[in-house]
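**Q** structure, please.
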Amino acid sequence: MLGLGPDPDLAPYFYALAVVLTAIAAFTDWRTGEIPNWITLPPLFFGPIVHGVTNGADGIAGSLLAIAFCGLVPFVMWKLEGMEAGDLKLFVGIAAIVGPDVGLEAEFLAFVVAGIYALGRLAWEGKLLRTVGNSFYVGLNPILPQRMRRPVARELLQRLRLGGAIFGGTLIAVYGRLSAFLLFGS
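**A** Predicted coordinates for the structure are as follows:
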């Protein structure tokens, strides 16, 4: 059977490593606006190797599949300039360490955390209602005739640093796995 996650005996260590890496990435993203390669590339490179050592060829294949599964949506977002490359590399690096199950869960939860933060920030700045109204046209503009299109509001085009959200999503996903591991032993 294909090993799609870390070895069960080593899983808590891989999960802890993912939380530590995302915490460091969140801090550097907050301070500098970037997630450096020295955080993102080692897990991407060493994840498949370590899983190969612990689970053989199935471990390598599982880690590479995790990279592909968890990298698909962030890659598309990056290509559409909706995400920075550091965020993309962090998502796939974490997936290489924890496997596709926890990687996808952490990714989904990171987007939820980022969405909640973005809505809170817009509400704090008094732009939430106008932004929600204008966001309707973001989806409709491509199909509307030219004369009916509305310009996209500037606040919809602002960048959101995802390092903290990725840390939050990873922490929640890992907490769920570790609490189940501690309660049920697997």
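
**Q** the strands in the chain, which residues?
**A** Taking DSSP state E as the criterion, the chain contains no strands.

**Q** wait, what's in contact with residue 29?
**A** Residues counted as contacts of residue 29 (C-beta atoms under 8 Å, 6 or more residues apart in numbering) are 35, 86, 161, 162, 163, 164. For glycine as for every other residue, the C-beta is placed from the backbone atoms N, C-alpha and C.

**Q** in helices, which of those residues fall?
**A** Among those, the ones falling in helices (DSSP state H) are 86, 163, 164.

**Q** count of neighbours near the second one?
**A** Spelled out, it's residue 163. Residue 163 has 27 neighbouring residues, counting by other C-beta atoms under 10 Å.

**Q** please tell me how far it sits from residue 131.
**A** Distance of residue 163 to residue 131, computed by C-beta to C-beta, to the nearest Å: 23 Å.

**Q** go on, residue 16?
**A** 38 Å.

**Q** which one's more surrounded, these two?
**A** residue 131 (18 against 12).

**Q** hang on, the more buried one packs against residue 122?
**A** Yes. If you go by C-beta atoms under 8 Å, residue 131 and residue 122 touch, sitting 5.3 Å apart.

**Q** a markdown table for the contacts of residue 29, including pLDDT and distance to residue 92?
**A** What follows is the contacts of residue 29, written out as a markdown table (pLDDT from 0 to 100; distance: C-beta to C-beta, whole Å):
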| residue | pLDDT | distance to residue 92 |
| --- | --- | --- |
| 35 | 95 | 12 |
| 86 | 93 | 11 |
| 161 | 89 | 18 |
| 162 | 92 | 13 |
| 163 | 93 | 15 |
| 164 | 93 | 18 |
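
**Q** for those, which one is nearest residue 108?
**A** residue 162 (13.1 Å; C-beta to C-beta).
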